[in-house]
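[1] No letters, just coordinates:
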Ligand code: CMC
């Protein structure tokens, strides 16, 4: 069987070739299809970036209009999907509902599981997924709140429609705020892809068995939910709230994170690849300041976040290990400022990461990659004889 090398956590194993996202962890560089993340976050919109990731080029106006128009046309979900909501406990985590309902699309569109779809059929699945995830995501929140569900509005752009489905805007006073729409676009762009991270590798691995796009993405959503991955953004805010409740002593919590007897880690700090800084964190930090000042919000948690960052960045433990704030550290502050509740943070990450998952699934299919099937080094008993139950001790 040849020689098997173990690389726990795949720290040095390249799983695939990819032309989607370039990432240099030493220099803090992130580019989608060659375009620097800083330029995309500043100048683009989420749907334009989604098109770029999925189809490999920036769209012309006509291509973008068609893409956005198609997505708008498909935002309604089957009425029977609504009924599934009734089966979940009211306190269910929105990520549990999201992953289940995205998987349920394979039941509503059974043809989507075919391994031999044409380009047009794959495109339709892509559009459906991009469209329906925002409706389902907003409904997980409405369902948890016990509110009536808002149906999508076709006159609104992607981000505005999502905000409408989340919050409703019954009067002028509560009209959709352009600062909030712009912040949401930025956050989703920054999360849109990150090469072979845990959830994306999951999507590719599941997809490599010729599993459907919906099934593969549903698996990715579950991977993303883990607190060491996308679940960290919810944990960051809960950590900041815990520090606040504890009297705001950030140094005490930094010390707790350093204590090897204590499993606590500073959430929103550290990254497998970025060992100097996370370029997304830089952009988000600036965006957080802008959004808070534009909305006139004075958030004491932001002060705690700043103190925590300062305490960690000047501490030998974190300096020696190259641990810096990552994308999740400041995203929660913005989500909170624009009214997104904490338990929805990871759902927001999933909304943003979806085009990346789709692009990677598509690339894997187009490159006709073989089924992913890692090997192992067996460390168990070599061979023993079966013993009857009455003879066992
Ligand atoms: N707080 C305290 N110590 C830390 C932290 C942290 N946040 N992150 C890493 N360390 C320490 C760790 O204890 C280890 O110390 P030692 O060398 O003494 O054993 C050393 O740094 C290396 O850690 P590691 O776990 O081997 O590093 P990794 O590359 O496997 O892990 C990570 C990366 C992101 C899982 C980790 O830094 C972490 O757990 N961070 C907190 C969770 C978090 O914010 N996750 C979001 C990641 S960014 C968005 C995403 O990918 O979804």
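    On my side now, so go ahead. No experiment lies behind these values; they were computed from the predicted model shown.

[2] gap between the nearest residue to residue 341 once chain neighbours are set aside and the ligand?
    In space, and not counting its chain neighbours, residue 341 is closest to residue 141: 6.9 Å by C-beta to C-beta, 6 or more residues apart in numbering. In this view, the C-beta of every residue, glycine as well, is placed from N, C-alpha and C. Distance of residue 141 to the ligand, given as C-beta to the nearest ligand atom, to the nearest Å: 21 Å.

[3] correct me, but residue 141 touches residue 344?
    Yes. Using C-beta atoms under 8 Å, residue 141 makes contact with residue 344 at a distance of 5.5 Å.

[4] Give the residues shared as contacts by the two.
    Listed contacts common to residue 141 and residue 344 are residue 94; contacts here mean C-beta atoms under 8 Å, 6 or more residues apart in numbering.

[5] Which one's more surrounded, those two?
    Set residue 141 next to residue 344 and count neighbours by other C-beta atoms under 10 Å: residue 344 wins out with 24 against 20.

[6] confidence score at that one?
    Note for residue 344: predicted pLDDT of 95.

[7] List the residues that contact it.
    Applying C-beta under 8 Å, 6+ apart, the residues near residue 344 are 94, 137, 140, 141, 335.

[8] Work out for me the element residue 379 sits within.
    Using DSSP states H and E, residue 379 maps to neither a helix nor a strand.

[9] Can you give me the distance of it to residue 3?
    Going from residue 379 to residue 3 by C-beta to C-beta, to the nearest Å gives 16 Å.

[10] Tell me how many other residues surround residue 381.
    Around residue 381 there are 6 residues (other C-beta under 10 Å).

[11] what helix or strand is it on?
    Using DSSP H and E, no helix or strand contains residue 381.

[12] what's the answer for residue 71, then?
    Counting by DSSP H and E, residue 71 is found in helix 61-73.

[13] mind checking how far that helix is from the chain centre?
    23 Å (C-alpha atoms, centre = their mean, to the nearest Å).

[14] wait, what's in contact with residue 50?
    Going by C-beta under 8 Å, 6+ apart, the list of residues near residue 50 reads 67, 130, 192, 354, 355, 358.

[15] so what's whatever residue of the stretch 51-200 of the chain ends up closest to the ligand closest to, chain neighbours aside?
    As assessed by C-beta to the nearest ligand atom, the ligand sits closest to residue 197 within the stretch 51-200 of the chain, at 5.2 Å. In this structure, residue 197 finds its nearest non-sequential neighbour in residue 229, 7.0 Å apart by C-beta to C-beta, 6+ apart.

[16] Can you list phi and psi of that neighbour for me?
    Torsion angles at residue 229 (phi, psi; degrees, to the nearest 10) stand at phi -120, psi -120.

[17] Please apply the same query to residue 7.
    Dihedral angles (degrees, to the nearest 10) for residue 7: phi -130, psi 80.

[18] from what I can see it touches residue 13, true?
    Yes. Residue 7 sits in contact with residue 13 when judged by C-beta under 8 Å, with a separation of 4.6 Å.

[19] I'd like to know which elements the longest helix that the chain contains is packed against.
    Counting residues, the longest helix in the chain under DSSP state H turns out to be helix 119-145. Contact here means 3 or more C-beta pairs under 8 Å, 6 or more residues apart in numbering; DSSP states H and E; on that basis helix 119-145 packs against helix 61-73, helix 79-87, helix 94-108, helix 158-167, helix 213-225, helix 345-366.

[20] Can you give the distance from the second one to the centre of its chain?
    Right, the one you point to is helix 79-87. 24 Å.

[21] hmm, who's touching it?
    Under C-beta under 8 Å, 6+ apart, the answer for helix 79-87 is 97, 100, 101, 104, 108, 136, 139, 143, 149.

[22] Can you point out the buried residues in it?
    The neighbour-count check on helix 79-87 (16 or more other C-beta atoms under 10 Å) flags 81, 84, 85 as buried.

[23] With the first one instead?
    The neighbour-count criterion (16+ other C-beta under 10 Å) identifies 67, 68, 70, 71, 72 as the buried residues of helix 61-73.

[24] cool, the fifth one as well?
    When burial is assessed from 16+ other C-beta under 10 Å, helix 213-225 yields the following buried residues: 213-225.

[25] just those now: which is nearest the ligand?
    Nearest member of the buried residues of helix 213-225 to the ligand, counting by C-beta to the nearest ligand atom, is residue 224, at 7.0 Å.

[26] Do I have it right that that closest one meets residue 234?
    No. At 11.3 Å, residue 224 and residue 234 do not qualify as touching, with contact defined as C-beta under 8 Å.
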